[in-house]
Every structure is written in structure tokens, then in C-alpha cells.
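Enquirer: Would you be able to build a 3D model of this:
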Amino acid sequence: DSAEDSPSVVFENIERCSPECLQMLLENISGLNVDADFTVELIPEINVAVATFIKNIDTKEFVEKCSQHRRVREFKMTARLLELTQTIKVENLPDSISTDYLTVYFESTRNGGAPVSDVQLFPEENSALITFCDHKGNT
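Expert: Okay, the predicted model is just below:
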């Protein structure tokens, strides 16, 4: 599968736009509502935000609209599709967590999971890498 299947769009160089401003801007460009139609996760450590669309939209077309939008250009932000991956990192895990527990948790359909092919636990960081059999389980 290609990146065009991704429901998520990465916005880089967001430091000139407050979180509230970014949400309003994305609502204006998409015609959708934050929380009901999409979510925005800020990753301030790397000056990035990720918009994930709950409502099915053409994200490739949305990225194109963003790159042409006057305000996006004024803020010097860029937009691109988030690549799909088979591996995710989970952090802030309790000390007592086991690879078996993580496997069962991330395979649980109640948690939106999918078959897990590998779990690498890093107890010194209280983190783990979870690898799915395919990229559909990483949402």
C-alpha cells in the first residue's frame, strides 16, 4: 500500500501557529470539524502536528489544498501524508509490563488491534516496539 491510503497528514514547522489557530485553519481548509471529523496531535519536541481524519476524505487532495493555502504559506508550514508503518513505539509503560501482555493488548480488537509479529521491550526506557503483521493495526 502507498502513503495515499493514510488517514493522517503531518504538518511541519508549526511553531508560528498556536494549537487553536492550527485547528481552526484545518477546519477552514477541510470544511470539517475537529474532534467529530478529525483529531490533531501536537508533537512539540519536533515542531510537528499530525491531523488524523476520522471521516473518510481524499487526504492527498487535502495536502494539495494545504500547500496552496495562503495562511499555511504565511506560517511557513508544510503538509505531507504520514507514511504507514508496521512498527510503533509505546512509551511510559509500567515496570511490570510483559511482552505477552503487550502482544495480547495490541491484538485485541477492542483496542483496534491487529496481529502482532514482534514485541521488543526496553525496560530501561519503559518503552517497547510493537511490530504488526501488516500496517492496519497501527492506528
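Enquirer: and the helix ranked longest in the chain, what does it pack onto?
Expert: Longest helix in the chain by number of residues (criterion: DSSP state H): helix 19-30. In terms of contacts (3 or more CB pairs under 8 Å, 6 or more residues apart in numbering; DSSP states H and E), helix 19-30 is packed against strand 38-43, strand 48-53, helix 59-68, helix 70-74. For every residue, glycine as well, the C-beta is placed using N, CA and C.
Enquirer: could the ones you listed go into CSV alongside mean neighbour count?
Expert: Listed next are those as CSV, based on neighbours: other CB atoms under 10 Å:
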stretch, mean neighbour count
strand 38-43, 15
strand 48-53, 19
helix 59-68, 16
helix 70-74, 13
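Enquirer: Out of the ones you listed, the one nearest residue 82 is which?
Expert: Evaluated over those, closeness to residue 82 peaks at strand 48-53, with 6.1 Å, by CB to CB.
Enquirer: That closest one pairs with which strands, and in what direction?
Expert: The pairing partners recorded for strand 48-53 under DSSP bridges are strand 8-12 (antiparallel), strand 38-43 (antiparallel).
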